[in-house]
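Q: following is a predicted model, sequence given first.
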Amino acid sequence: MAQYDVFSYPQKDLLLLDVQSNVLDALQSRVVIPLVPISKEFPGMRGLNPVLKINDKDYLLSTQDMAGVSTKVLKRKVATANEHRAAINAAIDFLMHGY
């Protein structure tokens, strides 16, 4: 399990992006951000919700829904989002600092 790994979430049609530093691997929890399918009902906000292509499908990063989850939830890695790290970090900065 590593920062920017993407996991399936079995109870809903979404993915979870691990954003926690690898320095904290000893913890039994990880900070994640949901990746949700793009829809008209949730168009996203510029800066806060970048579009990430994961396994040839576009998802919105639902940064405002960042949460901690047990590592037991993160069972099935489906991708990595390392190539999107700048957009992910910018979205987290926008959430925390407004810029």
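A: Arrived safely. Residues are numbered from 1 along each chain as shown.
Q: rest of the way, CA atoms for contacts and neighbours
A: Will do.
Q: please, which helix or strand holds Phe94?
A: Assigned by DSSP states H and E, Phe94 belongs to helix 85-97.
Q: what is the end-to-end distance of stretch 1-18?
A: Taking CA to CA, to the nearest Å, the first and last residues of stretch 1-18 lie 8 Å apart.
Q: which parts of the chain are strands?
A: Along the chain, counting by DSSP state E, strands occupy 5-9, 14-18, 29-37, 51-54, 57-61, 67-70, 77-80.
Q: so for the first one, mean pLDDT?
A: Translated: strand 5-9. For strand 5-9, mean pLDDT is 95.
Q: can you check stretch 19-26 too?
A: pLDDT averaged over stretch 19-26 gives 95.
Q: how long is it from one end to the other?
A: End-to-end for stretch 19-26, by CA to CA: 15 Å.
Q: roughly how far does Ala3 sit from Gln64?
A: If you look again at residue 3, you'll see it is Gln, not Ala. Noted for Gln3: a distance of 18 Å to Gln64, by CA to CA.
Q: more neighbours: these two, which one.
A: Regarding Gln3 and Gln64, a neighbour count based on other CA atoms under 10 Å identifies Gln3 as having more, with 20 against 15.
Q: for that one, list the residues it contacts.
A: With contact taken as CA atoms under 8 Å, 6 or more residues apart in numbering, Gln3 is in contact with 18-22.
Q: by neighbour count, which of these wins?
A: Neighbour-wise, the contacts of Gln3 (other CA under 10 Å) top out at Asp18, 26 neighbours.
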